[in-house]
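Asks: kindly return the folded structure for what I paste below:
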Amino acid sequence: MNILVYGYYDEKDTISLNETLKTIMKKFRVRKYYINADYDEKLELTPFKELNNHDNPSVDWSVLKPLDGELLKKMADCEVTVLKMMDRLECEQIKHVTYAERKRLYLRYLRYCNDFLKNNKINMLLHGNVPHSVYDFIIYSLCRVKGIPVIFVYQVMEDMMFFESKWENLGDDIRKEYARMEKGTNVTLAYPYSTLFNKQTSKKNPVQFYMIKENAIKKYFRDLLIGVRTNPKIFIRKMSSLTYWKTQGKERINKFIHLLKSKILFTYYNARAEVPDLQRKYIYIPLHYQPERSTSPLAGSFVNQLLIIEMLSVLIPENTLLFVKEHPRQHDIGRDRHFYQDLKKYRNVKLMPRDFDSFTLINHCLAVATATGMAGIEGLFREKPVIWFGHDFFQFAPGSFRVSKLKDCEYALNQIINKQVKPKLCDIKLYLKAMEKIGIVGYVSPDYRKVSLLSTYENNRNITEGLIRKMKQLGFKTYE
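Replies: As a prediction, the model looks like this:
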C-alpha cells in the first residue's frame, strides 16, 4: 500500500512521527510513503511537492489529467468551504485575494492532486491535524470522494487526542460509548482527563496555555534551538537559504501592516462595546478567532458567525439579550466594520469589551452559544447549557444542544429557557470517562509537546498503538 502523509509541516512536527511510520511500514507492508514536509532522511520517504499558493515550476500541466464536470460536481461542497478558507492567504500578504484568484488556485490544486492520487495509487491519507489549511482540505475531500481512507489527528487538549476520519462526525464514537454507560455512576478519571476535570472545577479560572502571550523574541530563539536539536542538517540548509531570509523579511512587514489595520478596526469596535449588566437575562456568544479550523471547516455553514447571532436574535424572548464578545486575539483578517455594523442592527445584541472577563460572562449567563469554542466546554463544567453550531467532541455531552436547522435552535431555546435544562457535573465527568475509553494519550504538535507530561517513548508508543487500531477499524490487514 502507498500512504500520503500530510500536515506535518516542519521538522519539529515529525519527531513523534518517525518511529510510528517505521512500525506501520512493517506491520501493514507499506511500499511507499509520500510526505509534504521535512523528515528523518533515514526513512526513505518520497517528498510530496504541494503547490501552496504558488505554482510549482516542475509541474508539466500539459500531461496532467484534466478535470471534468462530474468531479467538479462531487467536489462542490469542498469548493465552497475552500474559497472561504482562502482568507488564510491574506495573512501572508497585504492585498485582498480576489474571487478569481481563489477559484484559479482551487482548480489548479484540485487538478494537481487528482492526478497525483491516481498515478501514485494512494491507498490512505494520514494527516497530522483536521484538514483546514486550504490545500490539505482539497486533497482530504478528494480522498473522501474517491473512497480513499483518511485518518487525521484531532488534538483536543494537552495529551488528549483522537484519530478520526470525518470532521463532520467528531465525537460520534464518544456519544455511543456514553450511551452504553450507566448514568449516575461515580467514576475515577485517569490522566489527562482527571487534570482537565480538576482544572475546570477548581476555584481558580483556568487559562489555556495557547492564550498566554509569549515574548516574540524568546519564542523565536526557542524555535531555532528546537530546529538545531531535531535535525541539524535540515536546520543548516534552511538557515543558509537566501529565500528563507527573504520570506522572513516579507512576513515581518506584512505582520506590522496587519497589526496597524487591526488596531484601527478594534478602535471602532471598542467605541461600540458596553459594560454588561449582569442582572439581565442573556446568552453569551464569544466569537471565534478567524480564520482557523474551529470554524473553517468545523463550523460548516456557520463559518460566518453572523448567521449564529441572527438566528438566536430572532428566536429568543423579548426580555433576553445576546452578549457578544470579540476574540481577544482576533485581527483584521476575517473581520471588517460591516460585520460589527450588522451586529448592531439587532436591538437585543450587545457588544462586550474585548478585555472583559469571559468566565464572569459564563457564570451569569442562561447559556453559552458557540460553534466549537473552548467557552462551551467551560460552560458545561459550570453547569451551563451550551448551544453548539459546529462539530466538536463535546457536542454530545449532557447539557449540549447541536444546531444545524432552525427547528434545532427553537428546541434548544425551549429546553434552556422554558424547561431550564442544565448539565450536571457528575454527568460531565461520566462523559469524560467515555472520552477516556476512546481517546489516545499523546500529542503530535510541538505546541503541545512543551506542556506534555509524557516521555517521548510513551508518546510514540501511544500514537503507534492508536494508529494501528484505527487502521484495523478501516479494514487494513496486518502482516505481523
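Asks: all helices of the stretch 301-450 of the chain, in order?
Replies: Using DSSP state H, counting those that start in this stretch, the helices of the stretch 301-450 of the chain run over 306-315, 337-344, 358-364, 374-381, 406-413, 425-438, 446-449.
Asks: can you list the buried residues in the shortest one?
Replies: Going by neighbour count (16 or more other CB atoms under 10 Å), the buried part of helix 446-449 is 446, 448-449. The way it works is simple: take the backbone N, C-alpha and C, and place the C-beta from them, glycine included.
Asks: that one - contacts with which helices or strands?
Replies: Counting contacts by 3 or more CB pairs under 8 Å, 6 or more residues apart in numbering; DSSP states H and E, helix 446-449 packs against helix 15-27.
Asks: cutoff 10 Å now
Replies: For helix 446-449, the contact count by 3 or more CB pairs under 10 Å, 6 or more residues apart in numbering; DSSP states H and E identifies helix 15-27, strand 150-157, helix 216-230, helix 456-473 as packing neighbours.
Asks: now the ones you listed as JSON lines including mean neighbour count?
Replies: JSON lines is the format used below for those (neighbours: other CB atoms under 10 Å):
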{"stretch": "helix 15-27", "mean neighbour count": "19"}
{"stretch": "strand 150-157", "mean neighbour count": "20"}
{"stretch": "helix 216-230", "mean neighbour count": "12"}
{"stretch": "helix 456-473", "mean neighbour count": "17"}
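Asks: and the residue of the chain most remote from its centre, how far from residue 412?
Replies: What lies farthest from the middle of the chain is residue 62; by CA atoms, centre = their mean that is 36.1 Å. To residue 412, residue 62 is 54 Å away according to CB to CB, to the nearest Å.
Asks: what of residue 66?
Replies: The value you get for residue 66 to residue 412, if CB to CB is used, is 47 Å.
Asks: what about the two, which has more around it?
Replies: Higher neighbour count among residue 66 and residue 412: residue 412, with 23 against 9, using other CB atoms under 10 Å.
Asks: so what's that one closest to, chain neighbours aside?
Replies: Ranked by CB to CB, 6 or more residues apart in numbering and with sequence neighbours excluded, the top spatial neighbour of residue 412 is residue 401, at 3.5 Å.
Asks: so the one you found touches residue 384, yeah?
Replies: No - distance between residue 401 and residue 384: 11.8 Å, which falls outside the contact criterion (CB atoms under 10 Å).
Asks: who touches both of these two?
Replies: 367, 416 (CB atoms under 10 Å, 6 or more residues apart in numbering).
Asks: so for these two, which sits in the more crowded spot?
Replies: residue 384 (23 against 20).
Asks: can you show me the strands along the protein?
Replies: Secondary structure of the chain (DSSP state E): strands at 2-6, 32-35, 46-47, 124-127, 150-157, 160-164, 281-286, 320-325, 349-352, 367-370, 386-388, 400-402.
Asks: quick one: the longest helix seen in the chain to helix 337-344, angle?
Replies: Ordering each helix of the chain by length in residues (DSSP state H) puts helix 242-272 first. Put simply, helix 242-272 runs at 30 degrees to helix 337-344, going by axes from the mean of the first three to the mean of the last three CA atoms, to 10 degrees.
Asks: can you list the weak-confidence ranges in the stretch 101-250 of the chain?
Replies: 211, 213-217, 219-224, 226-231, 234-235, 244 (pLDDT under 70).
Asks: kindly recompute the last result at 90.
Replies: In the prediction, the stretch 101-250 of the chain carries residues with pLDDT under 90 at positions 128, 133, 182-186, 203-250.
Asks: can you check the stretch 251-400 of the chain too?
Replies: For the stretch 251-400 of the chain (pLDDT under 90), the answer is 251-259, 333-334.
Asks: swap the cut-off to 80 and go again
Replies: 251-255 (pLDDT under 80).
Asks: any idea how far the residue nearest to residue 370 when sequence neighbours are not counted is from residue 365?
Replies: Distances taken as CB to CB, 6+ apart place residue 376 nearest to residue 370, at 4.5 Å, with adjacent residues excluded. According to CB to CB, residue 376 and residue 365 sit 12 Å apart.
Asks: common neighbours of these two, please.
Replies: Overlap of the contact sets of residue 376 and residue 365 (by CB under 10 Å, 6+ apart) consists of 284, 384-385.
Asks: now these as CSV including distance to residue 460?
Replies: CSV is the format used below for those (distance: CB to CB, whole Å):
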residue, distance to residue 460
284, 40
384, 38
385, 40
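Asks: what is the nearest of the residues you listed to residue 197?
Replies: Using CB to CB, residue 384 comes nearest to residue 197 of the shared contacts of residue 376 and residue 365, at 16.2 Å.
Asks: isn't the closest one up against residue 398?
Replies: No - counting by CB under 10 Å, residue 384 does not reach residue 398; the two are 11.9 Å apart.
Asks: give me the common contacts of these two.
Replies: With CB under 10 Å, 6+ apart as the test, residue 384 and residue 398 both reach 422-423.
Asks: distance check, residue 303 against residue 287.
Replies: Residue 303 sits 12 Å away from residue 287, going by CB to CB.
Asks: overlap in contacts of these two?
Replies: Joint contacts of residue 303 and residue 287 (CB under 10 Å, 6+ apart) are 295, 334, 371.
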